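[1] Kindly generate the corresponding structure for this input.
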Amino acid sequence: MKKSYVVFLMIVFILSSCTSGPIDRDAETKPSIDQDHTATPRPTRMPTATPYSCDDEIAINNDWTTVYCDNFEDNRNNWADEDTDNLATSMYVIEDGMLVVDFTGKVNQGYQSGVIQWTNIANVREFTVSIRGEIISNFDNVTWGINFLGDDDKFYSFMLSNVGTYWLQMLDNDGWKDLIPIKSHSALNWDDVNELTIEVSGDQFNFYINGTLVDSYSASALSGDELSLAIWAAEGVAARLEFDDLVVKVP
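    Predicted coordinates:
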């Protein structure tokens, strides 16, 4: 089932002053952007048995049960899709054993906003999810990550940028809240592949990057169970994102 609707998100990105356009890597200054994130959820996927011989070895909890595994050898999990509207153009394809996303945020708020899209993977409440991702872009204003414990307009969102930073936010009825502020960590690879692993057990969230525990957070869990892959880009920014080795395990 496909759904689409708009939500708005305000975060302070990794930049420092206002701008009239997207930030190219060659720019000398990096402006701040108030990002109105517009969300377009994609089809919900229920956790299933591993659909084919799939490498499900991850950084932690390999004794847990695998409920979703995709090495993107083909499109049997229906990732391939193309979407365009007044906010963004995105194309999801399976290519060379990876999920490849060509994503462009359209200019609609005078370069003061961005667009977020997420694709539901599974419905789980206690889990470990792991995925490898890389951002290929001339712009800094691109992120990817995982939304979890989602329920319509409520979820937690852990994101990675292509300039060595990460953060955690929550969307609820009162809007977006910063839970873990923007941080850097030596475990993060700039402009290269990063493996993100998130463990959720009750009210405890643990975040691993390339096998290193970089942060944890404790909170009263939201009531939802949607687990999603999320991509964000500022207006006018184009990026290619490559993903591989998506695994979801439960205790």
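[2] Now do the buried residues in stretch 183-201.
    The neighbour-count criterion (16 or more other CB atoms under 10 Å) identifies 187-188, 194-200 as the buried residues of stretch 183-201. Quick note: C-beta positions are derived from backbone N, CA and C, even for glycine.
[3] for the stretch 1-150 of the chain, which spans come out with low pLDDT?
    1-52, 86-88, 107-113 (pLDDT under 70).
[4] buried ones in stretch 85-103?
    Buried, per 16+ other CB under 10 Å, within stretch 85-103: 87-88, 90, 92, 94, 98-101, 103.
[5] Geometric centre of the protein: which residue is closest?
    Nearest to the mean C-alpha position of the chain, by CA atoms, centre = their mean, lies residue 145 at 2.2 Å.
[6] Now residue 89. Nearest residue, chain neighbours left out?
    Excluding its sequence neighbours, the residue lying closest to residue 89 (CB to CB, 6 or more residues apart in numbering) is residue 104, at 4.8 Å.
[7] Settle this for me: that neighbour is touching residue 84, isn't it.
    No. At 9.0 Å, residue 104 does not count as touching residue 84 under the criterion of CB atoms under 8 Å.
[8] higher neighbour count, those two?
    A count of neighbours by other CB atoms under 10 Å puts residue 104 above the other of residue 104 and residue 84, at 16 against 11.
[9] how near is that one to residue 139?
    Counting by CB to CB, to the nearest Å, the gap from residue 104 to residue 139 is 11 Å.
[10] which residues do those two both contact?
    Both residue 104 and residue 139 are contacted by 233, 237-239, under the criterion CB atoms under 8 Å, 6 or more residues apart in numbering.
[11] Dump those to CSV, plus neighbour count, pLDDT and secondary structure.
    Formatted as CSV, the shared contacts of residue 104 and residue 139 follow (neighbours: other CB atoms under 10 Å; pLDDT from 0 to 100; DSSP: H, G, I helix; E, B strand; the rest coil):
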residue, neighbour count, pLDDT, secondary structure
233, 29, 83, strand
237, 26, 81, coil
238, 15, 84, strand
239, 23, 89, strand
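[12] Could you export stretch 57-67 as PDB, CA atoms only?
    Taking C-alpha atoms only, stretch 57-67 is exported to PDB below (Å, rounded to 0.1, in the frame of the first residue of the first chain):
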ATOM      1  CA  GLU A  57      26.100 -11.800   9.300                       C
ATOM      2  CA  ILE A  58      26.200  -8.400  11.000                       C
ATOM      3  CA  ALA A  59      28.300  -6.600  13.700                       C
ATOM      4  CA  ILE A  60      26.200  -7.700  16.700                       C
ATOM      5  CA  ASN A  61      23.500 -10.200  17.800                       C
ATOM      6  CA  ASN A  62      24.100 -12.900  15.200                       C
ATOM      7  CA  ASP A  63      22.300 -15.300  17.500                       C
ATOM      8  CA  TRP A  64      19.100 -13.400  17.000                       C
ATOM      9  CA  THR A  65      16.500 -14.600  14.400                       C
ATOM     10  CA  THR A  66      16.800 -13.000  10.900                       C
ATOM     11  CA  VAL A  67      13.300 -11.800   9.800                       C
END
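[13] Next, the residue lying closest to residue 94 once chain neighbours are set aside: secondary structure please.
    Using CB to CB, 6+ apart and skipping residues adjacent in sequence, the residue nearest residue 94 is residue 75, 4.7 Å away. Applying DSSP: H, G, I helix; E, B strand; the rest coil to residue 75 yields a three-state assignment of coil.
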